[in-house]
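> need coordinates for the below:
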Amino acid sequence: MTNLQVRTSEPVRKSRSVERLVVGRPTSDGAGVKLTRVLTQPLQRRLDPFLMLDAFASDNPDDYIGGFPDHPHRGFETVTYMIAGRMQHRDSAGHEGLLENGGVQWMTAGCGVIHSEIPQQEAGVMEGFQLWLNLPARDKMSEPWYRDFTAAELPRFVTDGGVDVTVIAGTSHGVAGAVTREATAPLYLDLHLPTGTRFAQPLPVGHNAFVYVYRGEVRIGDETLPTNRMAILANEGAADGVVIEAAGEAKVLLIAGQPLNEAIAQYGPFVMNTDQEIYQALNDFRDGRLA
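Have a look, this model is predicted:
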């Protein structure tokens, strides 16, 4: 932490409050990978432009060893943040990379890509998150794009109050993240709050935002957020940001973005704007045109 640039805490006059707490749904995906689906399909309109958030954490290889063999995507972006473990990515656009501790993989599926994510370990802890970020209608058929960021390549800073911040996307306290997107303006922060600290982040009024606690617990206003809970933040016109306080050590994700306010049509790994576009994606995949 001593090597990180210290940034003065940003002022927030009125913090957003917690609209509701969400408990994730245990499920499995890929070749039997056990995970918790925190942001589910019924929340997509409320948390537009975000489509899904999965959290995975296990030290039992049987829970993750099968990984995610070849599967298609079209019409959105995936952001995989690896807290612990190693995952190999390969896709039909010719991209390949190894995602390791603290790293991020950002993939724009665009018009279509088939990829695999396979664990490169047979023991130990596998922990991380995958966020799905929607694309505007005009970009859904764009060329696929991919970038791996190691932990060392992710911008980080520490506030004058001692909070360690990793800026995956967007801008916080004058520090630009690894990725920016004009249409959705995503903010994706990993916050490590020592005991007795607080973190304030300005947020545009119209942006949807949520917090996910993955270690310890925090408070936002009068609401306590325990471990493994997502708090949807209220869209209050008078609020200019959010203030997060930690009585004990805690780690949380703060995610916000500009809603697209477009129709959402989803069928599994395809997210488009109309049912007809979904039928086309299915036909393209069946006929080998999704590559």
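> give me the below-cutoff pLDDT ranges for the protein.
1-3, 291 (pLDDT under 70).
> going along the chain, name the helices of it.
275-286 (DSSP state H).
> tell me which residue lies nearest the centroid of it.
residue 131 (3.4 Å; Cα atoms, centre = their mean).
> okay, it and residue 13: tell me how far apart.
In this view, residue 131 and residue 13 are 29 Å apart by Cβ to Cβ, to the nearest Å. C-beta: built from backbone N, CA, C; applies to glycine.
> with residue 163 instead?
19 Å.
> distance of the nearest residue to residue 235 once chain neighbours are set aside from residue 174?
Of all residues not flanking residue 235 in the chain, residue 208 sits nearest, at 6.9 Å (Cβ to Cβ, 6 or more residues apart in numbering). Counting by Cβ to Cβ, the separation of residue 208 from residue 174 is 23 Å.
> got it, and residue 43?
31 Å.
> quick one: which of the two has more around it?
residue 43 (20 against 10; other Cβ atoms under 10 Å).
> dump the residue contacts of the more buried one.
By Cβ atoms under 8 Å, 6 or more residues apart in numbering, the contact set of residue 43 is 22, 232.
> for it, give its distance to residue 90.
From residue 43 to residue 90 the distance is 31 Å (Cβ to Cβ).
> ok, now residue 216?
Taken as Cβ to Cβ, the span from residue 216 to residue 90 is 36 Å.
> one more: residue 131?
If you measure residue 131 against residue 90 using Cβ to Cβ, the figure is 21 Å.
> now do residue 263
In terms of Cβ to Cβ, residue 263 sits 32 Å off from residue 90.
> quick one: which of these two has more around it?
Applying other Cβ under 10 Å to residue 263 and residue 90 shows that residue 90 carries more neighbours, namely 15 against 12.
> excluding chain neighbours, what is closest to that one?
In this structure, residue 90 finds its nearest non-sequential neighbour in residue 96, 4.9 Å apart by Cβ to Cβ, 6+ apart.
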